[in-house]
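Undergrad: Okay, predicted coordinates and the sequence, questions at the end:
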Amino acid sequence: MVVASANEFRIGQKKYLDMVKQDIQVFLKRGSDLFAITTVPEQQYIKFNPRWVEHMKKAEQDIKSGKITAIKSDDIWKKVADIH
């Protein structure tokens, strides 16, 4: 177990994060507060908004059926204004 001050952590972030990856408990102390530094599995921090997922599925269907608007980079703002 390692306890580092906020300043020590700021200066040596790589060192402390490498310790966490090696399953060493690392705590960050700021004043009277103590924080645990830990890894988070990817599936825990990647969450999708269901409405966004449905929007993307519809967009994929629109692309497959040819319901798209092609925009050239030189006139993108004019095309966007025309769409809305």
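TA: Cool, the structure landed.
Undergrad: So what's the gap between whichever helix in the chain runs longest and the chain middle?
TA: In the chain, assigned by DSSP state H, the helix with the most residues is helix 50-64. With CA atoms, centre = their mean, to the nearest Å as the basis, helix 50-64 stands 21 Å off its chain's centre.
Undergrad: Can you give the contact residues for that helix?
TA: Residues from elsewhere that reach helix 50-64 (CB atoms under 8 Å, 6 or more residues apart in numbering): residue 68. Any C-beta I mention is one placed from the backbone N, CA and C, and that applies to glycine too.
Undergrad: Buried residues of it, list them for me.
TA: Buried residues in helix 50-64, counting neighbours by 16 or more other CB atoms under 10 Å, are absent.
Undergrad: Same check on stretch 21-33?
TA: 26, 28.
Undergrad: Over to that stretch now: how far is its first residue from its last?
TA: With CA to CA, to the nearest Å applied, stretch 21-33 spans 23 Å between its terminal residues.
Undergrad: residues in contact with that stretch?
TA: With CB under 8 Å, 6+ apart, stretch 21-33 has contacts from 1-6, 9, 16-17, 19-20, 34-37, 39.
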